[in-house]
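> Model the following, please.
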Amino acid sequence: MRDKTQTNSAAPGDRLIRAGAVVFFIGTVATLVTVAPLLLGTSPFPTYMFGLSMLMGVGFLLAGAGVLQSIAAGRRQARGASR
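Modelled structure (predicted):
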């Protein structure tokens, strides 16, 4: 048994990465739903569904911002430890 337990503290940017993944997944589902009628030959969905497909890009940007924030925090921590 360990003497000390590790805390499950979230690193900077983790929330952005998780939120970006969720938004990206929603955008992926919206894209599949939007493209399906075009491939099946049925009537297309309303225009707002194409707008929901743009959530893939928004989610990707959110996750990328979280990664950059995590990198910046790691650099600050490494710079502080080297002094």
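> what about the protein, any weak spots by pLDDT?
1-9, 83 (pLDDT under 70).
> give the contact list for the residue positioned nearest the centre of the chain.
Centroid check for the chain by CA atoms, centre = their mean gives G20 as the closest residue, at 1.9 Å. By CB atoms under 8 Å, 6 or more residues apart in numbering, G20 lies in contact with 59-66. In short, each C-beta sits where N, CA and C put it, glycine included.
> which secondary structure element contains it?
helix 14-40 (DSSP states H and E).
> picking that back up, make JSON lines from the contacts of G20 and add secondary structure to it.
As requested, the contacts of G20 are exported to JSON lines (DSSP: H, G, I helix; E, B strand; the rest coil):
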{"residue": "G59", "secondary structure": "helix"}
{"residue": "F60", "secondary structure": "helix"}
{"residue": "L61", "secondary structure": "helix"}
{"residue": "L62", "secondary structure": "helix"}
{"residue": "A63", "secondary structure": "helix"}
{"residue": "G64", "secondary structure": "helix"}
{"residue": "A65", "secondary structure": "helix"}
{"residue": "G66", "secondary structure": "helix"}
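> Many thanks, we can stop here.
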